[in-house]
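Visitor: predicted model, plus sequence, below.
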Number of protein chains: 2
Amino acid sequence: MTAGTGGSANKPIQARVIAEMRGRIISGEIDPGALLSELALAEEFGVSRTPVREALKQLQTEGLVEIRPRVGTFVTAPSRREITELFEMKELLEGAAARLLARRGRVPEIDRLQENLAQADAAVARDDRDRYAELVGEFHDLVITGADNRKLEAHYRTLMNQLAYSRLVTTSLSRPGRPGQSDREHHLVVELILEKDGDSAEQVMREHVRASRRALMAGLPLPGRRDD
Amino acid sequence: MTAGTGGSANKPIQARVIAEMRGRIISGEIDPGALLSELALAEEFGVSRTPVREALKQLQTEGLVEIRPRVGTFVTAPSRREITELFEMKELLEGAAARLLARRGRVPEIDRLQENLAQADAAVARDDRDRYAELVGEFHDLVITGADNRKLEAHYRTLMNQLAYSRLVTTSLSRPGRPGQSDREHHLVVELILEKDGDSAEQVMREHVRASRRALMAGLPLPGRRDD
DNA sequence: CAACATTCTCTTGCATGGCAGAGACGGTAG
DNA sequence: CTACCGTCTCTGCCATGCAAGAGAATGTTG
């Protein structure tokens, strides 16, 4: 990433700050709980504190950082309970998306899903976990966008950002045998979508998300901080 | 909520601005499409432009206003398509909440729901639409909070704000016979929740939301601006 | 040595002022 | 009368400066 740091600084400066910070957080480049100093960020980006401050404020409403007044801005560290809730929502939204996509019939996203599956099969065959993780992200993305509901998509993106999912998915796939099973579940979902069987597609998709969650939670160190 | 509007201006000033502006928008006190000038708002609240600006930025991420760079900040007017999408999400979330609530068993929210129904029956009997509209809001609120999922609740609130639902619900209930039917549907949902029949509760809840939407769209002038 | 009060520095919160771009208005030429 | 162009005012955007609260470090006292 970090594309476009050179030259094209034409765009609104503060949007760039937001995008950059969000990228760092969801990629796990910054540890949860870390302090984000307005001043330090301002100096790093070569701008004043004001746009940085506004960027952090927006990231707060997205649930990525927590601003404790007069104290500091910290990267949010989801509690175990929050992670459970987020997965519950993920299951809900992706299931609904699968149903909606099945109802829509043949749309471009379907073709791209099949292409995605082909590449995923190859990645699993050569045990290329990084590539497969990437394809998993694309798969779920395609299902969501294929639902053709911008609001659902927006809420989904917020959700995934809060989960820092791109960091978690590798953990989930490190479980032996998980990539293969995940791939098979993806195939089944697409198959049901092609058959326009919305009910089953939703059901299988939800079960897939639950399985993914189990694989994740099992291989996660996750200090049992506060369960409250 | 909305407690402490009088006197105690001790709290962070900008949070007050956000709450006040949000209230005005979702109550319909400000017409959609209207221009919100930073300067004018700052003078009205007796503060500087900075906190007002940050407040507007937050409202933008909540989807309540649209900031067109170098032009101005405007109250968003959801297109017909967006309204459809929002209701699709509403149906999804409330259905899921009903299911989750049914699974939880006997919790305080259940008692409050039954009390709500009793008062709603009375309101319908004396044809008190304003009071019934209020109770409808409380009913759906109880179902959501009863699901015991903070993330779901947060997304739901965002949704309802974007819909400016409190303004719409009166329109919906102005259809002859609608309050009575709505009340009966509420009764059925609670009944199914009490029986711990999550599947049926979700299904009936979703159907209820669809019916509510139909009653609303029918009685809505809604200039067919852009369907894109 | 331990517990407490105090200062001191760090952080964000808010106010103010200058700047640039977008759109509206009016004047002028055809 | 119409179309075009320059100007002018409006808007948000960003930089800077001051103030206030929170927490840590430290000096003080038992």
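Guide: The structure has been received and is ready for your questions.
Visitor: and the residue sitting nearest the centre point of chain A, what helix or strand is that in?
Guide: The C-alpha lying nearest the average C-alpha coordinate of chain A belongs to A:Met160 (CA atoms, centre = their mean; 3.3 Å). Element membership of A:Met160, judged by DSSP states H and E, is helix A:150-163.
Visitor: got the contact list for stretch A:28-46?
Guide: A:16-17, A:20-21, A:23-24, A:48-49, A:52-53, A:56, A:65, A:72-78, A:164, A:166-167 (CB atoms under 8 Å, 6 or more residues apart in numbering or on different chains). Quick note: C-beta positions are derived from backbone N, CA and C, even for glycine.
Visitor: ok, 10 Å please
Guide: With contact meaning CB atoms under 10 Å, 6 or more residues apart in numbering or on different chains, stretch A:28-46 is reached by A:1, A:9, A:13-14, A:16-17, A:20-21, A:23-25, A:47-53, A:55-56, A:59, A:64-67, A:71-78, A:164, A:166-168, A:170, A:225.
Visitor: in helices only, show me the residues you listed.
Guide: The helices, defined by DSSP state H, take in A:13-14, A:16-17, A:20-21, A:23-25, A:49-53, A:55-56, A:59, A:166-168, A:170 from these.
Visitor: list only buried entries from those.
Guide: For these, a burial check counting by 16 or more other CB atoms under 10 Å in any protein chain shown picks out A:14, A:16-17, A:20-21, A:24-25, A:51-53, A:55-56, A:59, A:166, A:168, A:170.
Visitor: any idea how chain A splits into domains?
Guide: Listed by automatic domain parsing, the domain ranges of chain A are A:13-75, A:80-218.
Visitor: tell me the most buried of these?
Guide: domain A:80-218 (a mean of 19; mean count of other CB atoms under 10 Å in any protein chain shown).
Visitor: and that domain, what's its mean pLDDT?
Guide: Here domain A:80-218 scores 96 as its mean pLDDT.
Visitor: end-to-end on that domain?
Guide: 13 Å (CA to CA, to the nearest Å).
Visitor: so is that domain next to chain B?
Guide: Yes. With CB under 10 Å from any CB of the partner chain as the criterion, chain B is reached by domain A:80-218 at A:81-82, A:84-93, A:95-97, A:99-100, A:147-156, A:158-159, A:162.
Visitor: gap between A:Arg184 and chain B?
Guide: Applying CB to the nearest CB, to the nearest Å, the value for A:Arg184 to chain B is 27 Å.
Visitor: wait, that residue sits on A:Val124?
Guide: Yes. Contact criterion CB atoms under 10 Å: A:Arg184 and A:Val124 qualify, at 9.4 Å.
Visitor: setting aside sequence neighbours, what's the nearest residue to A:Glu138?
Guide: Among residues not flanking A:Glu138 along the chain, A:Asn116 sits closest, at 5.6 Å (CB to CB, 6 or more residues apart in numbering or on different chains).
Visitor: show me what the helix or strand harbouring A:Arg131 is packed against.
Guide: Here A:Arg131 sits within helix A:129-146, counting by DSSP H and E. Packing partners of helix A:129-146 (3 or more CB pairs under 10 Å, 6 or more residues apart in numbering or on different chains; DSSP states H and E): helix A:80-104, helix A:108-125, helix A:150-163, helix A:165-173, helix A:178-194, helix A:198-218.
Visitor: could you save these as JSON lines and add columns showing distance to B:Ile110?
Guide: Conversion of these to JSON lines gives the following (distance: least, CB to CB, whole Å):
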{"stretch": "helix A:80-104", "distance to B:Ile110": "20"}
{"stretch": "helix A:108-125", "distance to B:Ile110": "41"}
{"stretch": "helix A:150-163", "distance to B:Ile110": "27"}
{"stretch": "helix A:165-173", "distance to B:Ile110": "34"}
{"stretch": "helix A:178-194", "distance to B:Ile110": "35"}
{"stretch": "helix A:198-218", "distance to B:Ile110": "25"}
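Visitor: what about the residue in chain A that DNA strand C sits nearest to, distance to A:Leu216?
Guide: Residue nearest to DNA strand C within chain A (CB to the nearest atom of the strand): A:Glu38, separated by 3.6 Å. Remark: distance between A:Glu38 and A:Leu216 (CB to CB, to the nearest Å) = 33 Å.
Visitor: what's the answer for A:Ser79, then?
Guide: A:Ser79 sits at a distance of 15 Å from A:Leu216 (criterion: CB to CB).
Visitor: do the same with A:Arg112
Guide: Counting by CB to CB, the gap from A:Arg112 to A:Leu216 is 25 Å.
Visitor: now A:Val65
Guide: Using CB to CB, A:Val65 is found at 23 Å from A:Leu216.
Visitor: what does A:Thr158 give?
Guide: Going from A:Thr158 to A:Leu216 by CB to CB gives 19 Å.
Visitor: then A:Asp183?
Guide: Taking CB to CB as the measure, A:Asp183 falls 16 Å from A:Leu216.
Visitor: any idea which residue of chain A lies closest to DNA strand D?
Guide: Counting by CB to the nearest atom of the strand, chain A gets nearest DNA strand D through A:Ser48, at 2.8 Å.
Visitor: over to that residue: give its phi and psi.
Guide: Backbone geometry at A:Ser48, expressed as degrees, to the nearest 10, gives phi -90, psi 180.
Visitor: what does chain A put close to DNA strand D?
Guide: Selection of chain A residues close to DNA strand D by CB under 7 Å from any atom of the strand yields A:12-14, A:42, A:47-51, A:54, A:68-71.
Visitor: kindly recompute the last result at 10 Å.
Guide: Counting by CB under 10 Å from any atom of the strand, chain A comes close to DNA strand D at A:11-17, A:38-39, A:42-43, A:45-55, A:68-72.
Visitor: list the contacts of the closest residue to A:Asp127 other than its chain neighbours.
Guide: Excluding the flanking residues, the one nearest A:Asp127 by CB to CB, 6+ apart is A:Pro179, at 8.0 Å. A:Pro179 makes contact with A:120, A:123-124, A:127-129, A:132-133, A:136, A:172-173, A:215 under the criterion CB under 10 Å, 6+ apart.
Visitor: again, 8 Å this time
Guide: A:124, A:127, A:129, A:132, A:173.
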